[in-house]
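Student: Need coordinates for the following:
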Amino acid sequence: MPNARLLVVEDEEEIAQMVTLFLAARGFKVSVAGDAAAALRMVREALPDLILLDIGLPDINGYELLKQLRQNPRTRHLPAIFVTQRKQKPDRIAGLEMGADDFITKPFDLEELGLRVQNLVARATRDNLINPHTSLPDRKITLEELTKAKLQPGRAIIQFRLRHATEFRDLYGPLAYADLLRHVALIMNRAVNELGAPHDYLGQQDDETFIIITSPEKDAALRQTVTERFDHDVLQHYSLAERQGDLASVKDAAGQERQISLVKLEISAL
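Tutor: Numbers count the residues shown, from 1 in each chain. Model prediction:
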């Protein structure tokens, strides 16, 4: 998965810097949190594709941090690797019982670490756990959350479907299309953080279909906020475009003026 986003949770600055430099040189986008509180805040603001975490953190230990992530529907899918000095079998078993996907002891070989990270991110994408464009939970996790929500009273399910995104991709290419999807995910993530509850869910059924699961009291506000912010920002994805209602006047690859339908969000309840 190109440009996968990693979060390194490590309070030893020298180790964090070494891991960051190595993984960044191999194409990963790496962020660092020095404690569990910072890690939880950063994950809430923008989901990584994988977390590397130490056990001995200055606030709560890595076991408790991973437990909190696994208990939240928005983060339970995140691949996690413990990187720690603890070498005893009980430590490894405790980490795996908490839901860690792998366990590496210090000192470690950087090449081996890089391969384990690469393989774990690829597996999560292949198994429909992580959307490769947005890092949101993908089809498998979303279907599980939808099934649970439909059986629970007091849950509202909102489906946002992108319309005319294929036409946008044909005009501007896959990289611009990926940027558009990431922007939509960012808008929705911020809205859920601001207006929703900590255990509300945000994920995708496919590249162009997003799901928010919340309470009925938050339903209308989330619909309105997401729609308004998307409509305000959508034109910025069209190079030198002029908006004309629901259309955009653009130039194609041959320099010819043409009108296309703007990408829009279609909302429905499930």
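Student: Distance from the chain centre to the helix or strand of the chain with the lowest mean pLDDT, please.
Tutor: Lowest mean confidence among the helices and strands of the chain (mean pLDDT, DSSP states H and E): helix 89-97, at a mean of 73. The chain centroid and the centroid of helix 89-97 are separated by 27 Å, computed with Cα atoms, centre = their mean, to the nearest Å.
Student: Show me what counts as buried in the next helix or strand after that helix.
Tutor: Counting by DSSP states H and E, the next helix or strand C-terminal to helix 89-97 is strand 102-105. For strand 102-105, the buried set under the neighbour-count rule, 16 or more other Cβ atoms under 10 Å, comprises 102-104. The C-beta positions use only the backbone N, C-alpha and C, and glycine is treated the same way.
Student: Equivalent analysis for stretch 133-150, please.
Tutor: So, applying 16+ other Cβ under 10 Å, buried residues of stretch 133-150: 133-139, 141-142, 145-146, 149.
Student: for stretch 203-217, same thing?
Tutor: So for stretch 203-217, counting by 16+ other Cβ under 10 Å, buried means 203-205, 207-208, 210-214.
Student: Which segments of this protein make up each domain?
Tutor: Per automatic domain parsing, the structural domains of the chain span 5-126, 139-269.
Student: any chance you could map the helices in the stretch 51-200 of the chain?
Tutor: Along the stretch 51-200 of the chain, the stretches classed as helices by DSSP state H, counting those that start in this stretch are 62-71, 89-97, 110-126, 139-151, 165-172, 174-195.
Student: hmm, who's touching the fifth one?
Tutor: Residues external to helix 165-172 that are found in contact with it (Cβ atoms under 8 Å, 6 or more residues apart in numbering): 176-177, 180-181, 207-208, 237-239, 250, 252, 260-261, 263.
Student: let's see it at 10 Å
Tutor: Under the contact criterion Cβ atoms under 10 Å, 6 or more residues apart in numbering, helix 165-172 has outside partners 162, 175-181, 184, 207-208, 234, 237-239, 248, 250-253, 258, 260-264.
Student: Might you quantify the distance of that helix from its chain's geometric centre?
Tutor: On Cα atoms, centre = their mean, the centre of helix 165-172 falls 23 Å from the chain's centre.
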